[in-house]
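> turn this into a model:
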Amino acid sequence: MLVLTNIMNKVPFRLLRTSNHPCSYLQGRSASTTFLDPEIQVTKQINTLFSQRGFRRSGDLLYKPNCDTCNLCISCRIPINDFTPKKSHHRIIKGNSDLRVVEADNLNCDESYNLYELYINNRHKDGDMFPPSKDQFNSFLKKKTDETVFFKFFNKGKLVSVSVTDVLSDGLSAVYSFYNPFENKRSLGTYSILYQTRSAFERELSYLYLGYWVKNCRKMDYKIKFRPLQMLSGTQWITIN
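Residues are numbered from 1 along each chain as shown. Below you'll find the model as predicted:
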């Protein structure tokens, strides 16, 4: 058991560590994960505290890679007040200006699951979320904190993208996005991040937390393209331009 002391109220949090398991990011490697005791409710305050220390939410769990021989999973976040979209970003924003965005408080509709199933079946057949199932969808994405929003993007009334986003005290945390994989020209994955940066700015928040960047993991390459980007090194967030 590990203990992290909450600097705000001095209450210790119980942390648990898994045994070794196959790495989700790099083939042929093993991994281990530290996570917050699942009996502790993930509130906005707790989510913020742990996000600042490199943790990530998945369903009911706050977790962080804690591997014996590897430290390639690096927490990253976009500093909102320093971020300026590139020309390519402006093209993506313009190309999606016809979308209608709804900020929902749940994903209780078949259309959301159908889109998720389409996305996993076509983009992540080699991942640990394949094959998709409703149980997986419910436990992974429909679970929420006391301040989680679901950005739903519609094209002519049809759902084309969803972003699951936690509202923190200092920023937004981009938990997960899924979208129509056949809308290639829209670059919906990038657009979802750009939309969340704008939402964070409008809420007067400082960061958009993106989770982990993993060197040599192709699926994580998109994160490093947002600059400036802050990466967590030890206990310090370092800015790269």
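> three-state assignment of the residue nearest to Tyr63 when sequence neighbours are not counted?
In space, not counting the residues next to it along the chain, Tyr63 is nearest to Phe35; the distance is 4.0 Å by CB to CB, 6 or more residues apart in numbering. In this view, the C-beta of every residue, glycine as well, is placed from N, C-alpha and C. Secondary structure assignment for Phe35 (DSSP: H, G, I helix; E, B strand; the rest coil): strand.
> give me the domain ranges for this structure.
Listed domain ranges for the chain are 2-76, 80-240 (source: automatic domain parsing).
> lowest average pLDDT across those domains?
For the domains of the chain, mean pLDDT drops lowest on domain 2-76, to a mean of 85.
> Leu61 is in contact with the residue nearest to Tyr63, correct?
Yes. Look at Phe35 against Leu61 with CB atoms under 8 Å: they come within range, at 5.0 Å.
> residues touching the most centrally placed residue in the chain, list them.
With distances taken as CA atoms, centre = their mean, the chain has Val175 as the residue nearest its mean C-alpha position (2.7 Å). Taking CB atoms under 8 Å, 6 or more residues apart in numbering as the criterion, Val175 is in contact with Arg57, Ser58, Leu141, Thr148, Val164, Thr165, Asp166.
> mind listing what's buried in stretch 43-61?
Taking 16 or more other CB atoms under 10 Å as the neighbour-count basis, stretch 43-61 is seen to contain the buried residues 46-52, 54-61.
> could you export whichever strand or helix holds Tyr191 as CSV, CA atoms only?
If you go by DSSP states H and E, Tyr191 is part of helix 188-202. Below are the C-alpha coordinates for helix 188-202, written out as CSV (Å, rounded to 0.1, in the frame of the first residue of the first chain):
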residue,chain,number,x,y,z
LEU,A,188,-12.6,15.0,-35.4
GLY,A,189,-10.0,13.8,-32.9
THR,A,190,-8.0,17.0,-33.2
TYR,A,191,-11.2,19.1,-33.4
SER,A,192,-12.4,17.7,-30.1
ILE,A,193,-9.2,18.9,-28.4
LEU,A,194,-9.5,22.3,-29.9
TYR,A,195,-13.1,22.6,-28.8
GLN,A,196,-12.1,21.6,-25.3
THR,A,197,-9.3,24.2,-25.2
ARG,A,198,-11.9,26.9,-26.1
SER,A,199,-14.3,25.6,-23.5
ALA,A,200,-11.5,25.8,-20.9
PHE,A,201,-10.8,29.3,-21.9
GLU,A,202,-14.4,30.3,-21.7
